[in-house]
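In: sequence isn't available, so here's the structure alone:
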């Protein structure tokens, strides 16, 4: 069965989880041929559910442990526990269930606006996204593989500075980093929480590439699954323009791969730092 990438509108619609009671939400999943729930997607849904119980605050961090894969043909129940509401910070715990099985646990923290000194590391020197070809052009030589998988339209536009995994697979030396510019492939509502959830989704799908490149593998040549996922949202992300993701995999051991990413708005503002660990194996 061939894979159809979800459209951006599908992702946005399913990130808007259904509120059943004050602290209970239901989340529709995006099905795929393997029927596995996408880690970044359900993590974004958990963040959205938590945010709905912390009005007036924006997310500044989220830490997720993935326990089971789950069935993407069925919805997921999200239960939010109010851990603490302080003067500035609020903490929520989200547990995702299908039937009596826990799929993930997320701790999310939210902040009110604070006047304080502001600093960050500068945007690295990289080519401008307008000077780079679309990913589909970069991978046009592989258009005949896997029913055109590498050149299909995706919910996010991607422009790679370093070779993406399929291209890196044929290089003599694997790139040390996987840097790319990305932005949604369409308009996104002006909602800072939704933008953080979309960024969570994106990190769950692209950060794995840094580890795949070191293994000389692609998303379809080796089984991979998220184990844990942590994000710090330093500043609001502007999804009306390109975002740089500077991704690296500093370690691979015991069938696991560690990946990290630093993300900047095109204006040069540091917007997110993320880490995740992935399992590579037979499932």
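Out: Nice, I can see it. Since the structure is predicted, the reported quantities are computational estimates derived from the model, not experimental observations.
In: which regions of the chain sit below the pLDDT cut-off?
Out: Residue ranges of the chain with pLDDT under 70: 1-4, 282-283.
In: could you look up the SS state of the residue most central in space within it?
Out: For the chain, residue 203 is the residue whose C-alpha lies nearest the centre (Cα atoms, centre = their mean; 2.6 Å). Put simply, residue 203 is helix when judged by DSSP: H, G, I helix; E, B strand; the rest coil.
In: and it, how far from residue 259?
Out: 9 Å (Cβ to Cβ, to the nearest Å). All C-beta atoms are positioned from the backbone trio N, CA, C, and that covers glycine.
In: swap in residue 224?
Out: Separation of residue 224 from residue 259 (Cβ to Cβ) stands at 11 Å.
In: mutual contacts of the two, please.
Out: 208, 211, 278 (Cβ atoms under 8 Å, 6 or more residues apart in numbering).
In: filter these down to the ones in helices?
Out: If you go by DSSP state H, the shared contacts of residue 224 and residue 259 have 208, 211 in helices.
In: could I have the buried ones of the shared contacts of residue 224 and residue 259 as ChimeraX selection syntax?
Out: Buried members of these, defined by 16 or more other Cβ atoms under 10 Å, are picked up in ChimeraX with:
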select :208,211,278
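In: columns distance to residue 7 on top of the shared contacts of residue 224 and residue 259, output as JSON lines?
Out: As requested, these are exported to JSON lines (distance: Cβ to Cβ, whole Å):
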{"residue": "208", "distance to residue 7": "21"}
{"residue": "211", "distance to residue 7": "27"}
{"residue": "278", "distance to residue 7": "25"}
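In: just list whatever residues bridge to residue 276.
Out: In this entry, residue 276 is beta-bridged to residue 229, residue 259, by DSSP bridges.
In: show me the contacts for it.
Out: Listed by Cβ under 8 Å, 6+ apart, the contact set of residue 276 reads 203-204, 207-208, 226-230, 258-260.
In: how about residue 216?
Out: Counting by Cβ under 8 Å, 6+ apart, residue 216 makes contact with 168-169, 174.
In: can you check residue 165 too?
Out: 178, 209, 212-213, 217-219.
In: more neighbours: which of residue 224 and residue 259?
Out: residue 259 (27 against 20; other Cβ atoms under 10 Å).
In: contacting residues around that one?
Out: 207-208, 210-211, 247-249, 275-278.
In: again, but for residue 53
Out: By Cβ under 8 Å, 6+ apart, the contact list for residue 53 reads 22-23, 80, 82, 92.
In: coming back round to it: just the buried ones among the contacts of residue 276, please.
Out: Applying 16+ other Cβ under 10 Å to these flags 203-204, 207-208, 226-227, 229-230, 258-260 as buried.
In: tell me the one among those residues nearest to residue 111.
Out: The shortest approach to residue 111 among the buried ones among the contacts of residue 276 belongs to residue 230, at 16.4 Å (Cβ to Cβ).
In: confirm for me that that closest one is in contact with residue 65.
Out: No. Counting by Cβ atoms under 8 Å, residue 230 sits too far from residue 65 to count as a contact (9.7 Å).
In: pretty sure residue 25 sits against residue 77.
Out: Yes. If you go by Cβ under 8 Å, residue 25 and residue 77 touch, sitting 7.4 Å apart.
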